[in-house]
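S.K.: structure here, sequence nowhere to be found:
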C-alpha cells in the first residue's frame, strides 16, 4: 500500500528542556515519521497514516511523560513556564530576574495578576513558588559547576544577600549550602517535574 503522508502539529505540555526535544526526536525517528519542526513546547510531524493514527501518536507522546495541549489557558501556562525557563536557566541576568514580573508581562502580553491567577488555577503551586523552585535548581547547578562563589551566585540569581539565598536554599531543600556540597547523591528535579507536585 502506498504511504499516505499527513502532517500534524502539537503543542506539548511540560516539554521545557533540550532533553525533552532529544527524547521526542528519538521517539519519532523512523520510516513512519519525519519531524518537520521541533522546538520547546512544539512539534510538527509528517507521518504515514497507513501505519499510525493520530491517537497512536498522542499515546507515544504521553508515554514520554508529556501531553498534548488543547485548552488555550493551558497553552498560556506552558508559555509562562518557557519564559521562566529562559529567564532563569538561560539568561543568567540578575537585572532581568529582579524585574521578572515586567519581563513576563512584556514577553506574554498579559498582566502579572492574571498570569498568577491562571497559573494557580492550572498548576499545584503558585507562580511565585514555581519561580523559586526554578531558581533553587539553577543554584544547585551553579554550585555544582564550582565556577562561582556563593556571593556571585547570590548576585546572579538576584538575592539581596548570601544569607537570604542560604536561608531559602535550606528551606526548600532541607540542606544548607555547605551540607549540599558534601552530598554524594544530590537531590535534583528536572524542570518538567517542577510544578507537578508540591515539592
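M.R.: Alright, I've got the coordinates. Keep in mind that what you see is a predicted model, and the values were worked out from it rather than measured.
S.K.: where does the nearest residue to residue 97 once chain neighbours are set aside land on pLDDT?
M.R.: Distances taken as C-beta to C-beta, 6 or more residues apart in numbering put residue 158 closest to residue 97, at 4.1 Å, once the chain neighbours are dropped. All C-beta spots, glycine's among them, are computed from the backbone N, C-alpha and C. On pLDDT, residue 158 comes in at 89.
S.K.: now do the SS call for residue 158.
M.R.: What DSSP: H, G, I helix; E, B strand; the rest coil gives for residue 158 is coil.
S.K.: number of nearby residues for it?
M.R.: Number of residues near residue 158 (other C-beta atoms under 10 Å) recorded here: 17.
S.K.: other SSEs contacting the longest helix along the chain?
M.R.: The longest helix of the chain (DSSP state H) is helix 127-145. Secondary-structure packing of helix 127-145 (3 or more C-beta pairs under 8 Å, 6 or more residues apart in numbering; DSSP states H and E): helix 72-85, helix 112-122, helix 150-156, helix 162-173, helix 177-182.
S.K.: tell me the most buried of these?
M.R.: Comparing the helices and strands packed on helix 127-145 by mean neighbour count (mean count of other C-beta atoms under 10 Å), helix 72-85 ranks first with a mean of 18.
S.K.: can you list contacts of that one?
M.R.: For helix 72-85, contacts defined as C-beta atoms under 8 Å, 6 or more residues apart in numbering pick out 11-14, 16-17, 40-41, 69, 100, 103-104, 107-108, 110, 115, 118-119, 121-123, 127, 130-131, 134, 191, 195.
S.K.: now that helix and helix 127-145, what's the angle there?
M.R.: Interaxial angle of helix 72-85 relative to helix 127-145 (axes from the mean of the first three to the mean of the last three C-alpha atoms, to 10 degrees): 30 degrees.
S.K.: how does the chain divide into domains?
M.R.: Per automatic domain parsing, the domain ranges recorded for the chain read 5-68, 72-182.
S.K.: tell me where the model's unsure across this protein.
M.R.: Residue ranges of the chain with pLDDT under 70: 1-3, 92-96, 98, 191-192, 195-199.
S.K.: scan it for its longest strand.
M.R.: Assignment by DSSP state E gives strand 5-13 as the longest strand of the chain.
S.K.: list phi and psi for residue 32.
M.R.: Phi and psi for residue 32, reported as degrees, to the nearest 10, are phi -80, psi -30.
S.K.: name whatever forms a beta bridge with the residue lying closest to residue 31 once chain neighbours are set aside.
M.R.: Spatially, and ignoring its direct neighbours in sequence, residue 31 is nearest to residue 48 (7.4 Å; C-beta to C-beta, 6+ apart). Going by DSSP bridges, residue 48 is paired in beta bridges with residue 5.
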